[in-house]
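Undergrad: here are the coordinates; sequence isn't available:
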């Protein structure tokens, strides 16, 4: 089994900062890409930022210059530093990872999601 557990959401005023963290655990052989998505009420889930195993990053245009994604290979974590937050950043943020896991028959590669953490930007 593989689990992704997020932390760090909350309420912040416009212009403020928050840092989200996500930790992967379980029978992990290799963690490939890791990323963050978000879903606002009435909207589709959208990509916020992604980081490959090689460290390449990609960001949604709406967060470029404000958000920074980083990962720690040694402990299987991915963080999202969010600065200059705007009300339109309000959403549930989900951690996502492409993980190859061990099982009794060998290894299997799948996409995993965390449970989500609420970020609310409001005065």
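TA: Yep, that arrived. Only a predicted model underlies this, so the values are computations on that prediction, with no experimental measurement involved.

Undergrad: Contacts only, for the residue of the chain most remote from its centre.
TA: Going by C-alpha atoms, centre = their mean, the residue of the chain most distant from its centre is residue 105, 29.4 Å out. Contact analysis of residue 105 by C-beta atoms under 8 Å, 6 or more residues apart in numbering lists nothing. For every residue, glycine as well, the C-beta is placed using N, CA and C.

Undergrad: Please verify my assumption that residue 20 contacts residue 36.
TA: Yes. Proximity of residue 20 to residue 36 meets the contact threshold set by C-beta atoms under 8 Å, at 6.7 Å.

Undergrad: Mind listing the shared neighbours of those two?
TA: Among the neighbours of residue 20, those also in contact with residue 36 (C-beta under 8 Å, 6+ apart) are 80, 93, 95.

Undergrad: so the first one bridges to which residues?
TA: Just to be clear, that refers to residue 80. residue 20, residue 69 (DSSP bridges).

Undergrad: quick one: it and residue 24, what's the gap?
TA: 15 Å (C-beta to C-beta, to the nearest Å).

Undergrad: neighbour-wise, which of the two wins?
TA: Applying other C-beta atoms under 10 Å to residue 80 and residue 24 shows that residue 80 carries more neighbours, namely 25 against 22.

Undergrad: Isn't the more buried one up against residue 34?
TA: No. Residue 80 is beyond contact range of residue 34, at 10.0 Å (criterion: C-beta under 8 Å).

Undergrad: Identify the contacts common to the two.
TA: With C-beta under 8 Å, 6+ apart, residue 80 and residue 34 have common neighbours residue 69.

Undergrad: confidence score at the residue farthest from the centre of the chain?
TA: Model confidence at residue 105, given as pLDDT, is 87.

Undergrad: let's have the chain start at 6 instead
TA: Renumbered: residue one is now 6, and that last one reads residue 110.

Undergrad: Now do the phi/psi pair for it.
TA: Backbone torsions for residue 110, taken as degrees, to the nearest 10, come to phi -90, psi 0.

Undergrad: ditto for residue 83
TA: Taking degrees, to the nearest 10 as the convention, residue 83 sits at phi -140, psi 130.
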